[in-house]
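> got a structure for you, letters missing:
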C-alpha cells in the first residue's frame, strides 16, 4: 500500500465530469503525472469492494483484453480472450496459460521438451542452451530493471562513510558482470536502469568514472581509519536471485580478504521483505535487491531515496536534508531539463555518499518458439509478455 500511496500523494481531489472524463486536482504540480496515470490499473470499484481478498488473489477482474478464468497457486494461471474488450483490437489468441517454474534448469528443459511457446527470464548460464534449441530463438531488450547493493545508514558500522567506501573497494563488479551476468545483463554505474538513463540522457561516462574497483589495501586502510572492531561481522542479506547471490558472495570474500568476517544470508522473499527495512544492524549491514521499475524516474527517485520511504520502501534511512529537498523539487518541476539536472545531482550524491553501489541492469530476455508470431520484447516485457498492444498482436501458426 505505501508504494502506491506515495505515487499519489499529490492527489487532492478527483471528480467525474462525464462518462469518459475524470478531473484530477493536485496539491502540487507533478511533472510525472501523465506517466503515473498511464501505469495505473483501473478496476471495477463495486467488485473489488464486495470481496477485496478474492479480488486480489482468486478472482481478479481487470480492464484488459483477456479474462481471468482459473488459478492454482504454484501450478498455473489461465486466461481467455475477452470478446467484449473496450479497446480497438481484441487478441488473436483464444487462451493463454502461465506456468511458474522457479528453478532455471527445469524451466529451460520444459521449454525445450514441451509445446510451451514462451520462456521468461533466460538465465545467463543457460543462454547458449536456449539459443541451440532448433525450433526457438532468444529475443531481448534493455529492461527497466536495476540491481544494487545498499548500506544501512541508520545503525552499525556502515553508518561510517569510510566503511561503506572500504566495502566498495572489496569487489570488482566489472569482473562479476563478465563472469556471471553476460549476456543477459551488464554492469551499470548509475543508480537508474540503463534504458531510463539513456532516455533521460544521463552522463553515463561521468558516472562510470566514479566507480572504484577492487583494492584490498585501500579497503584495509579505510576500515582501520574508521576504527572498526576486529571482531566485526558484516551481515549481508538478499533474496535468492541468481545475479545477486554471486555478487554478494564475491563482496563477502573481499571483506574477508580485508580482514573482517562477512555472512551472506539468503532469505525467502517474505522474510527478506520483513527484514530489509528495519534499520537494525542486527538484521543487516548490507542488503541487495533487484527492482523492476517504471518509465517515470520519480517512481524510483522518490520511493527509493526519499526519507519518507524509510522502513517501508527502503532500509538505508538516508536523510541528507539537501538531497531530500532536491528529490522534492524534482517531483514538483514540470520542466524536463530542470528535472534531468536534479536527477543527475541526486544520483551523484548517491554514488559519492555510497548510499548504494549500483551493480547491474538485467535485460528482458525471452525464449520464443518459432510458431509464436508477432511477439515483441520491450523494456516493459521483463514484467509481463505484451501479447496485444498498439504495435503487436501475438498469434500462433499451426503446423
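Alright, I've got the coordinates. Keep in mind the model is a prediction, meaning the values are calculated, not measured. Numbering: from 1, shown residues only.

> Let me see the contact set for residue 78.
Neighbouring residues of residue 78 by Cβ atoms under 8 Å, 6 or more residues apart in numbering: 68, 69, 70, 71, 95, 96, 97, 98. Using the backbone N, CA and C atoms, a C-beta is placed for each residue, glycine as well.

> where does it land in three-state SS?
Following DSSP: H, G, I helix; E, B strand; the rest coil, we place residue 78 in the strand state.

> Next: residue 183.
Following three-state DSSP, residue 183 is assigned to coil.

> Restrict the contacts of residue 78 to the buried ones and give me that as a PyMOL selection.
Those of these that count as buried under 16 or more other Cβ atoms under 10 Å are selected in PyMOL with:
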select buried, resi 68+96
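
> following the longest helix along the chain, which helix or strand comes up?
What stands out as the longest helix in the chain, according to DSSP state H, is helix 336-353. Heading C-terminal from helix 336-353, the first helix or strand you meet, by DSSP states H and E, is strand 356-362.

> quick one, that next one and helix 336-353 angle?
On the basis of axes from the mean of the first three to the mean of the last three Cα atoms, to 10 degrees, strand 356-362 is oriented at 120 degrees to helix 336-353.

> May I have the strands that pair with strand 356-362, each with its orientation?
strand 145-151 (antiparallel), strand 185-187 (antiparallel) (DSSP bridges).

> Give me whichever of the ones you listed is most buried.
Among the strands paired with strand 356-362, ranked by average contacts under mean count of other Cβ atoms under 10 Å, first place goes to strand 145-151 (a mean of 24).

> Now do it: everything it contacts.
With contacts defined as Cβ under 8 Å, 6+ apart, strand 145-151 is touched by 158, 164, 167, 185, 188, 191-193, 243-244, 247-248, 251, 285-293, 300, 314-316, 354-364, 382.

> Which among these count as buried?
Neighbour counting with 16+ other Cβ under 10 Å marks 158, 164, 167, 185, 188, 191-193, 243-244, 247-248, 251, 285-291, 293, 300, 314-316, 354-364, 382 as buried within the contacts of strand 145-151.

> just checking, which of the residues you listed belong to strands?
185, 286-291, 356-362, 364 (DSSP state E).

> Go ahead and confirm residue 59 touches residue 68.
Yes - using Cβ atoms under 8 Å, residue 59 makes contact with residue 68 at a distance of 7.1 Å.
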